[in-house]
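J.: Next come a sequence and a model predicted from it.
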Amino acid sequence: MKIVLGLGNPGAEYDQTRHNVGWWVVDRLAYDWEFGPFHPEENVLVSKGEVGDIEVQLLKPTKYMNRSGSALTSVKGLEDFQVTEDLLVVVDDAALDVGRIRFRPEGGEGGHNGLKSVSSALGSNGYARLRVGVGVKPEGHDMSNWVLSPMAVEEEDAVIELLPELSDAVGMWLEEGVGAVMNRFNR
């Protein structure tokens, strides 16, 4: 089984913010892969299905960003689940311009509280991540205010235009792993 965890904050007031781009991506995956609606489980919203012969769970934490790791409570006990191979965390990145994407096989948290929480919950930062650029924080702006702000219309449109490509990229990750996806999609 593969798990794609899209980071974001619960609540309608956060839907259009930069910090919720991870949710945008998993929502698109559920739509493209015809998984159906998300349903609540412990600390997470889940949509399940199969892509080819691969069982996939799409997760959206129901706790705030700095407690995102709680969504992985049930993952730790799954038989045959290898975090390094079977988990992809989708996250906003305020160090990347809008429209830039970076797949990584592992790495640091880069000051991102959601990634800090996931790493803490797993006891490791050895998991794949997809970083989606939401625009570099302007000089003099507070980071939390920046990521909790909505994007300008043209920025939001640029991210929305990326979603079909990101759906293809995550599908490729399911089949071929993060190395192949990095070579083809990172920009």
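T.: Now that the structure is in, tell me what you want to look at.
J.: where along this protein do the helices fall?
T.: 21-32, 83-86, 113-122, 143-147, 153-176, 178-185 (DSSP state H).
J.: Roughly how far does the residue lying farthest from the centre of the chain sit from residue 146?
T.: Within the chain, the residue lying farthest from the chain centre (Cα atoms, centre = their mean) is residue 140, at 27.1 Å. Distance, residue 140 to residue 146, by Cβ to Cβ, to the nearest Å: 10 Å. Bear in mind the C-beta positions are built from the backbone N, C-alpha and C, glycine included.
J.: what's stretch 58-71 in contact with?
T.: Residues from elsewhere that reach stretch 58-71, judged by Cβ atoms under 8 Å, 6 or more residues apart in numbering: 3-10, 19, 22-23, 26, 29-30, 35, 38, 40, 43-48, 72, 113-114, 116-122.
J.: what's the span of that stretch, first residue to last?
T.: Distance between the boundary residues of stretch 58-71 (Cα to Cα, to the nearest Å) amounts to 11 Å.
J.: Run a quick neighbour tally on the nearest residue to residue 173 once chain neighbours are set aside.
T.: In space, and not counting its chain neighbours, residue 173 is closest to residue 181: 4.8 Å by Cβ to Cβ, 6 or more residues apart in numbering. As a burial measure, residue 181 scores 24 neighbours (other Cβ atoms under 10 Å).
J.: What residues does residue 181 make contact with?
T.: Shown in contact with residue 181 (Cβ under 8 Å, 6+ apart): 103, 169, 172-173.
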